[in-house]
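Undergrad: model this:
(one chain, ligands or ions: 1)
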Amino acid sequence: MKNSLVVNEIRVPNLPLPPALTGSEVGSFTEYTVTERMPAIALRVIKENNFPPQINHKLEQLAAALKTGSLQFLFPDEGVDFSDWEKYLQPYIGQRWLDIPWFVAETYFYRLILNITNYFIPGEFQGLDPFLLQKTQGLEASIDSTISLCSQVQEWLDEALADGKPSKASIMALLYFALWGNRVDLSLWSAFEDDRSKFDIQNQLTHLLVDDAFLVSKLLTKSPGQRIDFIIDNGGFELISDLCFADFLLGSGLAHQVYLHLKPHPTFVSDATIQDVYQTRDFLAEGSHPHVKSFTQRLTENLESGRLILVEDYFWTSPLAFWELPAALTAELAHSNLIVVKGDANYRRLLGDRHWDFTTNFADIVSYLPAPMVALRTLKSEVVAGLTTDTLAELGKVDPEWLTNGQWGLIQLVI
Ligand SMILES: O=P(O)(O)OC[C@H]1O[C@](O)(CO)[C@@H](O)[C@@H]1O
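TA: Next up, the predicted model:
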(Lines give C-alpha, C1' and ligand atoms only; values in the text may rest on other atoms or scores of the structure.)
Protein backbone atom coordinates (compact mmCIF):
# COMPACT_ATOMS: atom_id res chain seq x y z
CA MET A 1 0.00 0.00 0.00
CA LYS A 2 1.48 3.32 -1.04
CA ASN A 3 2.09 5.92 1.59
CA SER A 4 4.44 8.61 0.36
CA LEU A 5 5.52 11.93 1.80
CA VAL A 6 4.70 15.10 -0.12
CA VAL A 7 7.46 17.73 -0.01
CA ASN A 8 7.02 20.89 -2.12
CA GLU A 9 4.29 19.04 -4.00
CA ILE A 10 6.73 16.28 -4.96
CA ARG A 11 6.10 12.77 -3.67
CA VAL A 12 9.24 11.24 -2.19
CA PRO A 13 9.99 7.96 -0.37
CA ASN A 14 8.46 7.97 3.09
CA LEU A 15 11.77 7.00 4.71
CA PRO A 16 14.92 9.04 5.40
CA LEU A 17 17.31 8.80 2.43
CA PRO A 18 20.55 6.85 3.03
CA PRO A 19 23.78 8.00 1.31
CA ALA A 20 24.30 7.50 -2.42
CA LEU A 21 26.68 4.86 -3.78
CA THR A 22 30.00 6.33 -4.95
CA GLY A 23 33.04 4.97 -6.76
CA SER A 24 35.27 5.71 -3.78
CA GLU A 25 33.96 2.72 -1.80
CA VAL A 26 37.09 0.59 -1.76
CA GLY A 27 36.70 -2.87 -3.25
CA SER A 28 33.14 -2.18 -4.42
CA PHE A 29 31.63 -2.88 -7.82
CA THR A 30 31.10 0.87 -8.16
CA GLU A 31 34.84 1.47 -7.76
CA TYR A 32 35.58 -1.26 -10.31
CA THR A 33 33.05 0.28 -12.72
CA VAL A 34 34.47 3.81 -12.55
CA THR A 35 38.13 2.79 -12.61
CA GLU A 36 38.04 -0.20 -14.97
CA ARG A 37 34.77 -0.71 -16.83
CA MET A 38 34.08 2.90 -17.81
CA PRO A 39 37.61 3.54 -19.18
CA ALA A 40 37.31 0.30 -21.19
CA ILE A 41 33.98 1.47 -22.64
CA ALA A 42 35.48 4.84 -23.69
CA LEU A 43 38.40 3.06 -25.40
CA ARG A 44 36.07 0.61 -27.11
CA VAL A 45 34.21 3.56 -28.68
CA ILE A 46 37.51 4.49 -30.35
CA LYS A 47 38.02 0.95 -31.64
CA GLU A 48 34.51 0.47 -32.96
CA ASN A 49 34.19 3.78 -34.80
CA ASN A 50 36.14 5.86 -37.29
CA PHE A 51 36.38 9.10 -35.42
CA PRO A 52 39.21 11.54 -36.31
CA PRO A 53 42.33 11.70 -34.08
CA GLN A 54 41.20 14.78 -32.12
CA ILE A 55 37.98 13.02 -31.02
CA ASN A 56 39.87 9.81 -30.19
CA HIS A 57 42.35 11.83 -28.17
CA LYS A 58 39.54 13.32 -26.06
CA LEU A 59 38.09 9.86 -25.50
CA GLU A 60 41.52 8.67 -24.34
CA GLN A 61 41.74 11.65 -22.00
CA LEU A 62 38.32 10.78 -20.58
CA ALA A 63 39.37 7.16 -20.04
CA ALA A 64 42.47 8.33 -18.19
CA ALA A 65 40.62 10.94 -16.09
CA LEU A 66 38.15 8.48 -14.58
CA LYS A 67 40.62 6.94 -12.11
CA THR A 68 41.97 10.11 -10.56
CA GLY A 69 40.73 13.11 -12.52
CA SER A 70 37.95 15.51 -11.72
CA LEU A 71 34.72 16.49 -13.40
CA GLN A 72 34.51 19.34 -15.93
CA PHE A 73 31.47 20.85 -17.65
CA LEU A 74 30.46 19.66 -21.12
CA PHE A 75 31.98 21.44 -24.11
CA PRO A 76 29.15 23.54 -25.58
CA ASP A 77 26.84 21.47 -27.81
CA GLU A 78 23.31 21.72 -29.14
CA GLY A 79 21.71 18.96 -27.08
CA VAL A 80 18.36 20.11 -25.69
CA ASP A 81 19.50 18.89 -22.27
CA PHE A 82 22.75 20.88 -22.36
CA SER A 83 21.64 23.53 -19.86
CA ASP A 84 20.05 20.89 -17.62
CA TRP A 85 23.45 19.18 -17.39
CA GLU A 86 25.05 22.45 -16.32
CA LYS A 87 22.61 22.45 -13.39
CA TYR A 88 23.08 18.76 -12.58
CA LEU A 89 26.87 19.09 -12.59
CA GLN A 90 27.16 22.35 -10.64
CA PRO A 91 27.51 20.65 -7.22
CA TYR A 92 30.18 18.25 -8.46
CA ILE A 93 32.49 20.30 -10.69
CA GLY A 94 36.11 19.90 -9.62
CA GLN A 95 35.37 16.74 -7.60
CA ARG A 96 36.87 13.39 -8.56
CA TRP A 97 34.74 11.05 -10.67
CA LEU A 98 35.20 8.55 -7.86
CA ASP A 99 33.73 10.82 -5.20
CA ILE A 100 30.48 11.91 -6.80
CA PRO A 101 27.30 9.77 -6.68
CA TRP A 102 27.81 6.76 -8.93
CA PHE A 103 24.57 7.30 -10.85
CA VAL A 104 25.62 10.87 -11.69
CA ALA A 105 29.08 9.64 -12.76
CA GLU A 106 27.66 6.97 -15.07
CA THR A 107 24.88 9.02 -16.68
CA TYR A 108 27.27 11.96 -17.18
CA PHE A 109 29.95 9.67 -18.63
CA TYR A 110 27.59 8.54 -21.40
CA ARG A 111 26.40 12.10 -22.08
CA LEU A 112 30.05 13.19 -22.25
CA ILE A 113 30.89 10.51 -24.81
CA LEU A 114 28.17 11.97 -27.07
CA ASN A 115 29.50 15.46 -26.38
CA ILE A 116 33.03 14.42 -27.35
CA THR A 117 31.91 12.54 -30.47
CA ASN A 118 29.89 15.55 -31.74
CA TYR A 119 26.57 13.71 -31.52
CA PHE A 120 24.77 17.00 -30.90
CA ILE A 121 26.78 19.13 -33.34
CA PRO A 122 25.62 19.56 -36.97
CA GLY A 123 28.06 17.73 -39.23
CA GLU A 124 29.41 14.31 -40.08
CA PHE A 125 28.89 12.71 -36.68
CA GLN A 126 25.59 14.28 -35.68
CA GLY A 127 23.21 11.56 -34.45
CA LEU A 128 25.80 8.80 -34.92
CA ASP A 129 25.31 6.11 -32.28
CA PRO A 130 28.83 5.30 -30.97
CA PHE A 131 27.56 1.94 -29.71
CA LEU A 132 25.83 0.89 -32.94
CA LEU A 133 28.20 -1.99 -33.69
CA GLN A 134 27.55 -3.68 -30.34
CA LYS A 135 23.80 -3.16 -30.70
CA THR A 136 23.76 -4.68 -34.19
CA GLN A 137 25.87 -7.64 -33.10
CA GLY A 138 23.51 -8.21 -30.15
CA LEU A 139 20.50 -8.34 -32.48
CA GLU A 140 22.17 -10.70 -34.91
CA ALA A 141 23.38 -13.02 -32.16
CA SER A 142 19.89 -13.47 -30.72
CA ILE A 143 18.05 -14.43 -33.89
CA ASP A 144 17.48 -18.07 -32.82
CA SER A 145 16.01 -16.97 -29.51
CA THR A 146 13.86 -14.43 -31.36
CA ILE A 147 12.44 -17.09 -33.67
CA SER A 148 11.63 -19.32 -30.69
CA LEU A 149 9.99 -16.52 -28.74
CA CYS A 150 7.92 -15.24 -31.67
CA SER A 151 6.71 -18.80 -32.34
CA GLN A 152 5.80 -19.22 -28.69
CA VAL A 153 3.90 -15.92 -28.62
CA GLN A 154 1.98 -17.02 -31.68
CA GLU A 155 0.94 -20.19 -29.84
CA TRP A 156 -0.10 -18.24 -26.76
CA LEU A 157 -2.14 -15.82 -28.88
CA ASP A 158 -3.87 -18.70 -30.71
CA GLU A 159 -4.59 -20.34 -27.36
CA ALA A 160 -6.01 -17.08 -25.94
CA LEU A 161 -8.26 -16.76 -28.98
CA ALA A 162 -9.48 -20.35 -28.68
CA ASP A 163 -10.10 -20.10 -24.92
CA GLY A 164 -11.61 -16.62 -25.06
CA LYS A 165 -9.01 -15.33 -22.61
CA PRO A 166 -5.25 -15.38 -22.12
CA SER A 167 -3.85 -17.79 -19.55
CA LYS A 168 -2.07 -16.51 -16.44
CA ALA A 169 0.72 -18.99 -17.27
CA SER A 170 1.44 -17.28 -20.60
CA ILE A 171 1.48 -13.84 -18.95
CA MET A 172 3.86 -15.09 -16.29
CA ALA A 173 6.16 -16.69 -18.86
CA LEU A 174 6.30 -13.41 -20.80
CA LEU A 175 7.16 -11.59 -17.58
CA TYR A 176 10.05 -14.01 -17.06
CA PHE A 177 11.27 -13.43 -20.61
CA ALA A 178 11.06 -9.67 -20.16
CA LEU A 179 13.04 -10.11 -16.93
CA TRP A 180 15.78 -12.46 -18.13
CA GLY A 181 15.90 -10.96 -21.61
CA ASN A 182 18.82 -8.72 -20.77
CA ARG A 183 21.13 -11.60 -20.06
CA VAL A 184 19.61 -14.11 -22.37
CA ASP A 185 21.81 -16.74 -23.83
CA LEU A 186 20.69 -19.70 -25.81
CA SER A 187 20.75 -21.84 -22.66
CA LEU A 188 17.33 -20.44 -21.79
CA TRP A 189 16.06 -22.37 -24.77
CA SER A 190 17.78 -25.68 -24.20
CA ALA A 191 14.55 -27.44 -23.29
CA PHE A 192 12.94 -26.03 -26.42
CA GLU A 193 15.01 -28.14 -28.70
CA ASP A 194 12.89 -31.27 -28.76
CA ASP A 195 9.60 -29.98 -27.50
CA ARG A 196 8.91 -26.30 -27.37
CA SER A 197 5.85 -26.71 -25.16
CA LYS A 198 8.14 -27.92 -22.39
CA PHE A 199 10.31 -24.87 -22.32
CA ASP A 200 11.70 -24.82 -18.91
CA ILE A 201 11.79 -21.62 -17.01
CA GLN A 202 12.17 -23.66 -13.79
CA ASN A 203 15.88 -23.16 -13.61
CA GLN A 204 15.42 -19.40 -13.82
CA LEU A 205 12.70 -19.51 -11.15
CA THR A 206 15.16 -20.80 -8.59
CA HIS A 207 17.16 -17.60 -9.17
CA LEU A 208 14.26 -15.27 -8.43
CA LEU A 209 14.70 -13.56 -5.07
CA VAL A 210 11.23 -12.01 -5.14
CA ASP A 211 8.60 -13.29 -7.57
CA ASP A 212 5.38 -11.28 -7.83
CA ALA A 213 4.66 -12.64 -11.34
CA PHE A 214 1.41 -14.29 -10.28
CA LEU A 215 0.17 -11.08 -8.64
CA VAL A 216 1.02 -9.17 -11.82
CA SER A 217 -0.87 -11.71 -13.94
CA LYS A 218 -3.89 -11.29 -11.62
CA LEU A 219 -3.71 -7.52 -11.97
CA LEU A 220 -3.50 -7.75 -15.76
CA THR A 221 -6.42 -10.17 -16.11
CA LYS A 222 -8.65 -8.35 -13.59
CA SER A 223 -9.97 -5.96 -16.22
CA PRO A 224 -9.01 -6.26 -19.87
CA GLY A 225 -8.31 -3.27 -22.10
CA GLN A 226 -5.82 -1.54 -19.84
CA ARG A 227 -3.05 0.95 -20.58
CA ILE A 228 0.37 -0.50 -19.82
CA ASP A 229 3.62 1.54 -19.78
CA PHE A 230 7.09 0.04 -20.14
CA ILE A 231 10.14 1.99 -18.99
CA ILE A 232 12.43 0.30 -21.49
CA ASP A 233 16.03 -0.70 -20.81
CA ASN A 234 18.24 -2.48 -23.40
CA GLY A 235 17.88 -3.06 -27.12
CA GLY A 236 18.68 -6.45 -28.70
CA PHE A 237 16.88 -9.51 -27.36
CA GLU A 238 15.67 -7.66 -24.27
CA LEU A 239 13.80 -5.17 -26.45
CA ILE A 240 12.43 -8.04 -28.54
CA SER A 241 11.12 -9.72 -25.34
CA ASP A 242 9.45 -6.43 -24.38
CA LEU A 243 7.97 -6.01 -27.85
CA CYS A 244 6.67 -9.60 -27.71
CA PHE A 245 5.10 -8.93 -24.32
CA ALA A 246 3.48 -5.75 -25.68
CA ASP A 247 2.30 -7.70 -28.75
CA PHE A 248 0.67 -10.31 -26.52
CA LEU A 249 -0.95 -7.71 -24.26
CA LEU A 250 -2.48 -5.97 -27.29
CA GLY A 251 -3.27 -9.12 -29.29
CA SER A 252 -5.00 -10.86 -26.37
CA GLY A 253 -7.05 -7.78 -25.46
CA LEU A 254 -5.41 -7.42 -22.03
CA ALA A 255 -4.27 -3.94 -23.08
CA HIS A 256 -5.85 -1.42 -25.41
CA GLN A 257 -2.70 0.69 -25.49
CA VAL A 258 0.95 0.13 -24.62
CA TYR A 259 3.45 2.95 -24.19
CA LEU A 260 7.17 2.31 -24.52
CA HIS A 261 9.30 4.97 -22.80
CA LEU A 262 12.67 5.06 -24.53
CA LYS A 263 15.95 6.91 -24.15
CA PRO A 264 16.26 10.11 -26.23
CA HIS A 265 19.89 9.31 -27.07
CA PRO A 266 22.31 6.37 -26.83
CA THR A 267 23.44 5.63 -23.27
CA PHE A 268 24.68 2.76 -21.05
CA VAL A 269 25.95 1.20 -24.33
CA SER A 270 22.91 -0.87 -25.17
CA ASP A 271 19.92 1.17 -23.96
CA ALA A 272 17.17 1.39 -26.56
CA THR A 273 16.05 4.55 -28.35
CA ILE A 274 13.03 5.05 -30.63
CA GLN A 275 15.37 4.60 -33.59
CA ASP A 276 16.46 1.22 -32.18
CA VAL A 277 12.83 0.04 -32.15
CA TYR A 278 12.46 0.83 -35.86
CA GLN A 279 15.86 -0.67 -36.68
CA THR A 280 14.92 -3.84 -34.79
CA ARG A 281 11.62 -4.04 -36.64
CA ASP A 282 13.34 -3.54 -40.02
CA PHE A 283 16.01 -6.11 -39.17
CA LEU A 284 13.38 -8.71 -38.23
CA ALA A 285 11.27 -7.88 -41.30
CA GLU A 286 14.17 -8.99 -43.52
CA GLY A 287 14.03 -12.54 -42.12
CA SER A 288 11.94 -15.29 -43.61
CA HIS A 289 10.58 -17.15 -40.58
CA PRO A 290 6.75 -17.02 -40.77
CA HIS A 291 6.19 -16.35 -37.05
CA VAL A 292 8.80 -13.60 -36.99
CA LYS A 293 7.22 -12.15 -40.11
CA SER A 294 3.73 -12.09 -38.61
CA PHE A 295 5.09 -10.64 -35.35
CA THR A 296 6.77 -7.87 -37.37
CA GLN A 297 3.56 -7.19 -39.27
CA ARG A 298 1.57 -6.90 -36.03
CA LEU A 299 4.26 -4.61 -34.66
CA THR A 300 3.94 -2.31 -37.66
CA GLU A 301 0.14 -2.35 -37.45
CA ASN A 302 0.19 -1.57 -33.73
CA LEU A 303 2.61 1.31 -34.29
CA GLU A 304 0.53 2.71 -37.14
CA SER A 305 -2.79 2.41 -35.32
CA GLY A 306 -1.46 4.15 -32.20
CA ARG A 307 -2.03 1.10 -29.99
CA LEU A 308 1.72 0.89 -29.44
CA ILE A 309 3.18 4.30 -28.71
CA LEU A 310 6.89 5.15 -28.59
CA VAL A 311 7.86 8.12 -26.44
CA GLU A 312 11.15 9.55 -25.23
CA ASP A 313 12.04 11.97 -22.48
CA TYR A 314 15.35 13.48 -21.36
CA PHE A 315 14.48 12.53 -17.81
CA TRP A 316 15.46 8.95 -18.72
CA THR A 317 19.05 9.97 -19.53
CA SER A 318 19.34 12.42 -16.62
CA PRO A 319 21.06 11.64 -13.30
CA LEU A 320 17.80 12.22 -11.38
CA ALA A 321 16.10 9.72 -9.09
CA PHE A 322 12.69 8.33 -10.04
CA TRP A 323 11.03 10.45 -7.36
CA GLU A 324 12.25 13.54 -9.25
CA LEU A 325 10.05 12.70 -12.25
CA PRO A 326 9.01 15.91 -14.00
CA ALA A 327 5.36 16.85 -13.43
CA ALA A 328 4.41 16.24 -17.08
CA LEU A 329 5.77 12.69 -16.97
CA THR A 330 4.05 12.00 -13.63
CA ALA A 331 0.76 13.24 -15.09
CA GLU A 332 1.27 11.01 -18.14
CA LEU A 333 2.11 7.92 -16.08
CA ALA A 334 -0.93 8.55 -13.87
CA HIS A 335 -3.04 7.31 -16.82
CA SER A 336 -1.33 3.94 -16.69
CA ASN A 337 -2.79 0.79 -15.15
CA LEU A 338 0.67 -0.71 -14.74
CA ILE A 339 4.17 0.73 -15.15
CA VAL A 340 6.72 -1.98 -15.99
CA VAL A 341 10.19 -0.77 -14.98
CA LYS A 342 12.92 -2.71 -16.76
CA GLY A 343 16.51 -3.45 -15.88
CA ASP A 344 19.20 -2.66 -13.39
CA ALA A 345 19.87 1.01 -14.07
CA ASN A 346 16.15 1.87 -13.87
CA TYR A 347 15.94 -0.08 -10.60
CA ARG A 348 18.86 1.94 -9.25
CA ARG A 349 16.95 5.09 -10.25
CA LEU A 350 13.85 3.80 -8.40
CA LEU A 351 15.93 3.53 -5.23
CA GLY A 352 17.87 6.74 -5.95
CA ASP A 353 21.00 4.52 -6.18
CA ARG A 354 21.30 4.69 -2.41
CA HIS A 355 22.54 2.42 0.35
CA TRP A 356 19.19 1.13 1.59
CA ASP A 357 19.32 -1.74 4.01
CA PHE A 358 18.55 -4.72 1.78
CA THR A 359 15.61 -5.71 4.00
CA THR A 360 13.88 -2.31 3.70
CA ASN A 361 10.32 -2.74 2.46
CA PHE A 362 10.49 -2.00 -1.29
CA ALA A 363 7.02 -0.39 -1.31
CA ASP A 364 8.03 2.03 1.45
CA ILE A 365 10.72 3.41 -0.84
CA VAL A 366 8.87 3.21 -4.16
CA SER A 367 5.83 4.88 -2.70
CA TYR A 368 5.76 7.90 -4.95
CA LEU A 369 4.59 6.67 -8.37
CA PRO A 370 1.14 7.68 -9.63
CA ALA A 371 0.15 4.14 -10.72
CA PRO A 372 0.90 0.50 -9.83
CA MET A 373 4.39 -0.55 -10.87
CA VAL A 374 6.40 -3.72 -11.28
CA ALA A 375 10.19 -3.81 -11.41
CA LEU A 376 11.73 -6.57 -13.58
CA ARG A 377 15.41 -6.57 -12.77
CA THR A 378 18.44 -8.83 -12.83
CA LEU A 379 20.92 -7.74 -10.18
CA LYS A 380 24.04 -6.03 -11.56
CA SER A 381 24.79 -3.50 -8.83
CA GLU A 382 24.97 -3.25 -5.05
CA VAL A 383 21.49 -1.76 -4.62
CA VAL A 384 18.43 -3.73 -3.56
CA ALA A 385 15.46 -3.67 -1.20
CA GLY A 386 12.70 -6.02 -0.17
CA LEU A 387 14.74 -9.13 0.68
CA THR A 388 14.35 -11.22 3.82
CA THR A 389 17.17 -11.90 6.27
CA ASP A 390 16.84 -15.63 5.45
CA THR A 391 17.32 -14.97 1.73
CA LEU A 392 20.36 -12.82 2.47
CA ALA A 393 21.93 -15.47 4.67
CA GLU A 394 21.33 -18.16 2.04
CA LEU A 395 22.67 -16.03 -0.82
CA GLY A 396 25.82 -15.22 1.09
CA LYS A 397 26.51 -18.97 1.21
CA VAL A 398 25.58 -19.99 -2.33
CA ASP A 399 26.89 -17.08 -4.41
CA PRO A 400 29.16 -14.36 -3.00
CA GLU A 401 28.79 -12.42 -6.28
CA TRP A 402 24.98 -12.46 -6.21
CA LEU A 403 24.59 -8.67 -6.15
CA THR A 404 26.42 -7.99 -9.38
CA ASN A 405 26.75 -11.08 -11.56
CA GLY A 406 23.35 -10.75 -13.27
CA GLN A 407 22.38 -14.31 -12.30
CA TRP A 408 19.68 -13.33 -9.81
CA GLY A 409 16.40 -11.63 -10.53
CA LEU A 410 13.51 -9.76 -8.95
CA ILE A 411 9.89 -9.20 -9.91
CA GLN A 412 8.63 -6.66 -7.37
CA LEU A 413 5.11 -5.27 -7.58
CA VAL A 414 3.87 -2.13 -5.79
CA ILE A 415 0.15 -1.47 -5.97
O1 LIG B 1 21.10 -2.80 -18.68
P2 LIG B 1 20.85 -2.71 -17.24
O3 LIG B 1 20.17 -3.93 -16.70
O4 LIG B 1 20.16 -1.46 -16.84
O5 LIG B 1 22.26 -2.72 -16.61
C6 LIG B 1 23.02 -1.57 -16.54
C7 LIG B 1 23.78 -1.69 -15.30
O8 LIG B 1 24.85 -2.50 -15.53
C9 LIG B 1 25.98 -1.92 -15.00
O10 LIG B 1 26.70 -1.50 -16.10
C11 LIG B 1 26.67 -2.92 -14.15
O12 LIG B 1 26.96 -4.07 -14.84
C13 LIG B 1 25.59 -0.81 -14.15
O14 LIG B 1 26.54 0.12 -14.25
C15 LIG B 1 24.23 -0.49 -14.63
O16 LIG B 1 23.43 -0.26 -13.54
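
Undergrad: tell me where the longest helix sits in this structure.
TA: The residue-count maximum for a helix in the chain (DSSP state H) belongs to helix 143-163.

Undergrad: pLDDT on that helix, on average?
TA: In this model, helix 143-163 has a mean pLDDT of 95.

Undergrad: next up, the contacts around the residue in the chain sticking out farthest from the centre.
TA: Within the chain, the residue lying farthest from the chain centre (Cα atoms, centre = their mean) is A162, at 33.7 Å. Listed by Cβ atoms under 8 Å, 6 or more residues apart in numbering, the contact set of A162 is empty. (Each C-beta comes from the backbone N, C-alpha and C, glycine too.)

Undergrad: please report how far it lies from V45.
TA: 50 Å (Cβ to Cβ, to the nearest Å).

Undergrad: what of T206?
TA: 38 Å.

Undergrad: more crowded one of the two?
TA: More crowded of T206 and V45, by other Cβ atoms under 10 Å: V45, with 22 against 7.

Undergrad: was I right about the more buried one contacting L59?
TA: Yes: applying Cβ atoms under 8 Å, one finds V45 in contact with L59, separated by 5.8 Å.

Undergrad: pretty sure H261 sits in a strand.
TA: Yes: using DSSP: H, G, I helix; E, B strand; the rest coil, the assignment for H261 is a strand.

Undergrad: near the ligand, which residues of this protein?
TA: Within reach of the ligand by Cβ under 6 Å from any ligand atom, the chain has these residues: 33, 106, 182, 233-234, 268, 343-345, 348, 380-381.

Undergrad: out of these, which are inside helices?
TA: Counting by DSSP H, the part of the residues of the chain next to the ligand found in helices is 106, 343-345, 348.

Undergrad: and the residues of the chain next to the ligand, which is the shakiest by pLDDT?
TA: Ranked by pLDDT, those bottom out at N182, which scores 68.

Undergrad: quick one, domains of this protein?
TA: Described in terms of automatic domain parsing, the domain architecture of the chain consists of the residue ranges 5-129, 136-414.

Undergrad: list phi and psi for A64.
TA: Backbone torsions of A64, given as degrees, to the nearest 10, read phi -70, psi -30.

Undergrad: show me where pLDDT drops low in the stretch 1-150 of the chain?
TA: Counting by pLDDT under 70, the stretch 1-150 of the chain shows low-confidence ranges at 1-11.

Undergrad: how does it look with 50?
TA: Flagging of the stretch 1-150 of the chain using pLDDT under 50 yields the residue ranges 1.

Undergrad: strands of that one, start to end?
TA: For the stretch 1-150 of the chain, applying DSSP state E, counting those that start in this stretch gives strands covering 5-7, 10-12.

Undergrad: need the strands for the stretch 251-400 of the chain, in chain order.
TA: 255-262, 308-312, 338-342, 373-378.

Undergrad: can you put these in TSV and add mean neighbour count?
TA: Output for those, formatted as TSV (neighbours: other Cβ atoms under 10 Å):
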stretch	mean neighbour count
strand 255-262	22
strand 308-312	17
strand 338-342	24
strand 373-378	26
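
Undergrad: out of the residues of the chain next to the ligand, who's nearest G27?
TA: Of all these, G27 sits closest to T33, with 12.5 Å by Cβ to Cβ.

Undergrad: tell me, how many residues neighbour that closest one?
TA: Residues near T33, counting by other Cβ under 10 Å, number 22.

Undergrad: mind listing what it touches?
TA: With contacts defined as Cβ under 8 Å, 6+ apart, the neighbours of T33 are 23, 102, 106.

Undergrad: let's see that with 10 Å instead.
TA: The contact partners of T33, by Cβ atoms under 10 Å, 6 or more residues apart in numbering, come to 21, 23, 39, 41, 66, 102, 105-106, 109, 380-381, 404.

Undergrad: how about V311?
TA: By Cβ under 10 Å, 6+ apart, V311 lies in contact with 229, 259-262, 264, 274, 329, 332.

Undergrad: all set now, cheers.
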